[in-house]
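Enquirer: Any chance you can model this:
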Amino acid sequence: MSTGAAETNGTDIAEASGRKLRALVVDDEESITQLVAMALRYEGWEVETLGSGGGVVDTIASFDPDVAVLDIMMPDVDGLQVLSRLRAAGHMVPVLFLTALDSVDDRVNGLTAGGDDYVVKPFSIEELIARLRGLVRRSQNSKSYSADPVIRVGDLSLNEESYEVERAGDLIELTSTEFELLRYLMRNPKRVLSKAQILDRVWSYDFTGKATVVELYISYLRKKIDEGRDPMIHTIRGAGYILKPVS
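Expert: From the prediction side, this is the model:
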């Protein structure tokens, strides 16, 4: 793992209130929590660390972090179980998984469980911090809204203030990354968006295996938005994706 600090200071995307960005880092390897905490504090973040998954829900409630870093393989409660408990308790904090498991299935399981990103060990600390900044930026962008916070395309509506998404009156639950992707598609209806455009707007960094991650999240949205209904999200072969109302 590299120990150099990222160049862009975390205060660049701090909240308008001036509060420092906050991160909770959870890993049973103390060397990793210390390394990540040290790098983030150098960047101007406030950091809390835990060595196990058992106390995460209480710490999230008291510390109110902007992002959480969870190791998947922990001896007491693994990261996927922790995330399930967080979402059940109503905590929608963006979550980045740390994992030594480098198979496609493990990555997909983490994202399907509601995680927003993942980094495989061993990792570059610069990349990790860039991923965390991207998660916070997307989360903050999703919270911003215009005079009318509701975007509508056909029978699909997205409320930028309440985070509620509905299709034909049915509520649809999305992760923060899914929400931001759908928001981008809905702000550009009937327009073909390339994978590169989607990565630049939704992920805000050069994601390794970038084509795969866009395809993966488009598939998640289709299952939640289109399954059992006339499709609104379409693939334009060789060009990208388009969202349009049903004719």
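
Enquirer: For this structure, which residues score under the pLDDT cut-off?
Expert: Along the chain, the parts satisfying pLDDT under 70 run over 1-18, 101-114, 140-148, 204-211.

Enquirer: Distance check, the spatially most central residue of it against Gly238.
Expert: Against the mean C-alpha coordinate of the chain, by Cα atoms, centre = their mean, the closest residue is Asp116 at 3.0 Å. With the distance defined as Cβ to Cβ, to the nearest Å, Asp116 ends up 28 Å from Gly238. Yep, even glycine has a C-beta here, placed from its N, CA and C like the rest.

Enquirer: swap in Glu127?
Expert: Relative to Gly238, Glu127 is positioned 30 Å away (criterion: Cβ to Cβ).

Enquirer: quick one: buried residues of stretch 44-59?
Expert: Of the residues in stretch 44-59, those scored as buried under the neighbour-count criterion (16 or more other Cβ atoms under 10 Å) are 45-51, 53, 56-57, 59.

Enquirer: now do stretch 58-74
Expert: Of the residues in stretch 58-74, 59-60, 65-74 count as buried by neighbour count, 16+ other Cβ under 10 Å.

Enquirer: Please list the members of those that lie in strands.
Expert: 67-71 (DSSP state E).

Enquirer: circling back: could you single out the nearest of the buried residues of stretch 58-74 to Leu221?
Expert: For those, the minimum distance to Leu221 (Cβ to Cβ) is 21.9 Å, reached by Val67.

Enquirer: you'd agree that closest one is up against His91?
Expert: No: with contact taken as Cβ atoms under 8 Å, Val67 and His91 are classed as non-touching, separated by 11.8 Å.

Enquirer: related to what we said a few turns ago, quick one: which of Glu127 and Gly238 has more around it?
Expert: When neighbours are counted by other Cβ atoms under 10 Å, Glu127 and Gly238 differ, and Glu127 comes out ahead with 17 against 6.

Enquirer: the inter-axis angle of the strand or helix carrying the more buried one versus strand 67-71?
Expert: Taking DSSP states H and E as the definition, Glu127 sits inside helix 125-143. Angle between the axes of helix 125-143 and strand 67-71 is 130 degrees (criterion: axes from the mean of the first three to the mean of the last three Cα atoms, to 10 degrees).

Enquirer: Helices along the protein, start to end?
Expert: Remark: helices of the chain, listed N- to C-terminal, are 30-42, 56-63, 79-88, 104-112, 125-143, 176-187, 195-198, 210-221; assignment by DSSP state H.

Enquirer: Okay, the residue of the chain most remote from its centre and Pro231: tell me how far apart.
Expert: Computed with Cα atoms, centre = their mean, the residue of the chain farthest from its C-alpha average is Ser247, at 31.8 Å. Distance of Ser247 to Pro231, given as Cβ to Cβ: 11 Å.

Enquirer: what's around Arg183, how many residues?
Expert: 21.

Enquirer: From what I see, it and Val150 are in contact.
Expert: No: counting by Cβ under 8 Å, no contact exists between Arg183 and Val150, whose distance comes to 11.5 Å.

Enquirer: list residues touching both of the two?
Expert: Counting by Cβ atoms under 8 Å, 6 or more residues apart in numbering, the contacts common to Arg183 and Val150 are 158, 160.

Enquirer: Skip the chain neighbours and tell me the closest residue to Asp64.
Expert: Excluding the flanking residues, the one nearest Asp64 by Cβ to Cβ, 6 or more residues apart in numbering is Arg22, at 6.8 Å.

Enquirer: List the beta-bridge partners for the one you found.
Expert: For Arg22, the beta-bridge partners are Glu46 (DSSP bridges).

Enquirer: and it, how many residues sit next to it?
Expert: Taking other Cβ under 10 Å as the neighbour definition, Arg22 ends up with a count of 21.

Enquirer: residues contacting it?
Expert: Applying Cβ under 8 Å, 6+ apart, one finds that Arg22 lies in contact with 45-48, 63-67.

Enquirer: who's Leu98 bridged to?
Expert: Asp71, Val119.

Enquirer: Many thanks, have a good one.
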